[in-house]
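# One predicted model, sequence on top.
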Amino acid sequence: MDRITAMQVFVRVVEAGSFVRAAEQLGLSTTATSRLIADLEAHLGGRLLNRTTRSLSLTDAGRAYYERSLPLLAELEETESLVGRQSAAPSGLLRLTAPMSFGAERMAGLLAGFRARYPQVDVEVSLSDRLIDLVEEGFDLALRITAQLDPSLVARRLCTVRIVCCAAPAYLERAGAPVQLQELTRHACLIYTNSPRCDEWTFIGPNGQESVAVKGGWRANSGDILRVAALAGEGITRQPTFLIGEDLRNGRLVPVLPDYRLTDLFMHAVYPSRRHLSAKVRALVDYLAEELGDPPPWDGWMQGA
């Protein structure tokens with residue numbers, strides 16, 4: 001007896017509610033379907049179904065077997081489909097959403113390399129800082145930057161996103177460089193309004209986690225705008241190094257508050273479901289993990305900084 005086939009037939013009988021309907025759905029005779037269930041019960045040494053001329057129902061053992069069979073068969077289906085996906089060349093349209101600043105600064109280069117490797121994949125990119133429902137809006141993949149991802153999401157961590165508090169040398173010459181956290185209260189701070197509790201900046205310092213209320217003449221929902229304002233000497237900003245890494249490297253911006261640091265965030269690739277992940281999505285996620293990693297390319301020069 002093929003136990004996998006017998007298990008599949010048993011599940012179909014339970015879900016169809018009759019041997020006749022299950023046999024029709026499976027393309028088997030009713031006799032063959034009944035024989036497979038009988039052989040399965042004989043192998044297991046117990047009755048799985050209570051049968052009458054008008055109905056059938058699960059025994060306690062049958063219910064337990066049915067509930068255990070479902071995830072096993074689902075895993076088998078996923079394993080078999082994985083082989084087919086891996087043998088198929090990635091192709092077709094891939095719809096991707098990513099955060100505004102990261103997308104504008106980094107995605108073109110990353111996707112150019114990806115398409116050089118997989119030219120049969122067409123990419124449509126939508127940049128947004130709002131939380132997008134992938135299924136409802138028809139996206140294959142999202143890149144999200146956060147300290148802690150919703151555990152209900154299916155995701156793969158790609159890299160660490162380092163946040164640095166910094167300012168232009170011209171601003172620090174004019175206003176002085178803060179040394180203690182509370183000194184920020186007298187400085188012009190460039191505030192990113194999409195950040196939770198944007199008027200309160202939290203750091204990890206000599207005394208553990210500390211927060212300070214900040215204010216300033218610049219508020220924006222775009223890190224790019226705040227970066228330009230910082231370069232113009234308008235104040236102190238908190239920005240990810242994928243956006244300001246080159247500015248830090250060449251001294252156009254300099255870190256402040258050397259005894260304090262900001263909590264790292266993480267870049268994740270988020271997709272609607274682990275099951276039936278297409279070859280194109282799997283290829284892009286693997287490629288991004290390979291190209292980013294820790295440290296990501298824009299932070300390589302900063303190790304130890």
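Sure, I can see it.
# can you tell me how far residue 181 sits from residue 218?
Going from residue 181 to residue 218 by CB to CB, to the nearest Å gives 20 Å. Every residue, glycine included, has its C-beta placed from N, CA and C.
# So for those two, which sits in the more crowded spot?
Neighbours per residue, other CB atoms under 10 Å: of residue 181 and residue 218, the larger number sits with residue 181, 20 against 17.
# Residue 281 versus residue 57, what's the distance?
42 Å.
# more neighbours, those two?
Between residue 57 and residue 281, counted using other CB under 10 Å, the more crowded position is residue 281 (21 against 12).
# Please list all residues in contact with that one.
When contacts are counted by CB atoms under 8 Å, 6 or more residues apart in numbering, residue 281 touches 94, 140-141, 271.
# can you rerun that using 10 Å?
If you count contacts by CB atoms under 10 Å, 6 or more residues apart in numbering, residue 281 has them with 85, 90, 94-96, 121, 140-141, 269, 271-272.
# Next: residue 19.
Contact partners of residue 19, counting by CB under 10 Å, 6+ apart, are 9, 12-13, 28-31, 33-34, 37, 49, 51, 56.
# Buried ones from the residues you listed, can you make that a ChimeraX selection?
Buried members of these, defined by 16 or more other CB atoms under 10 Å, are picked up in ChimeraX with:
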select :9,12,13,28,33,34,37,49,56
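# Format the contacts of residue 19 as TSV; extra columns: secondary structure.
What follows is those, written out as TSV (DSSP: H, G, I helix; E, B strand; the rest coil):
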residue	secondary structure
9	helix
12	helix
13	helix
28	coil
29	coil
30	helix
31	helix
33	helix
34	helix
37	helix
49	strand
51	strand
56	strand
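# Return the member of the contacts of residue 19 nearest to residue 252.
Taking CB to CB as the measure, residue 252 sits nearest to residue 12 out of those, at 66.6 Å.
# wait, the closest one sits on residue 20?
No: Residue 12 is not in contact with residue 20 according to CB atoms under 10 Å; the separation is 11.8 Å.
# Return every residue with contacts to both of the two.
Contact with both residue 12 and residue 20 is made by residues residue 33, according to CB under 10 Å, 6+ apart.
# so who does the closest residue to residue 103 other than its chain neighbours touch?
Spatial nearest neighbour of residue 103, excluding adjacent residues (CB to CB, 6 or more residues apart in numbering): residue 127 at 4.0 Å. Counting by CB under 10 Å, 6+ apart, residue 127 touches 96-104, 107, 143.
# could you check the distance from residue 127 over to residue 224?
The gap separating residue 127 from residue 224 is 11 Å, by CB to CB.
# Now do the shared contacts for the two.
Any residue near both residue 127 and residue 224 by CB under 10 Å, 6+ apart counts here, and that gives 100-101, 104.
# who wins for most neighbours among those?
Highest neighbour count within those: residue 101, with 23 neighbours (other CB under 10 Å).
# before we move on, back to that, where strands are concerned, which of the contacts of residue 281 count?
The members of the contacts of residue 281 that map onto strands under DSSP state E are 94-96, 121, 141, 269, 271.
# Reformat those into CSV and put pLDDT and neighbour count next to each item.
Listed next are those as CSV, based on pLDDT from 0 to 100; neighbours: other CB atoms under 10 Å:
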residue, pLDDT, neighbour count
94, 92, 23
95, 92, 17
96, 92, 20
121, 93, 21
141, 91, 23
269, 93, 22
271, 85, 21
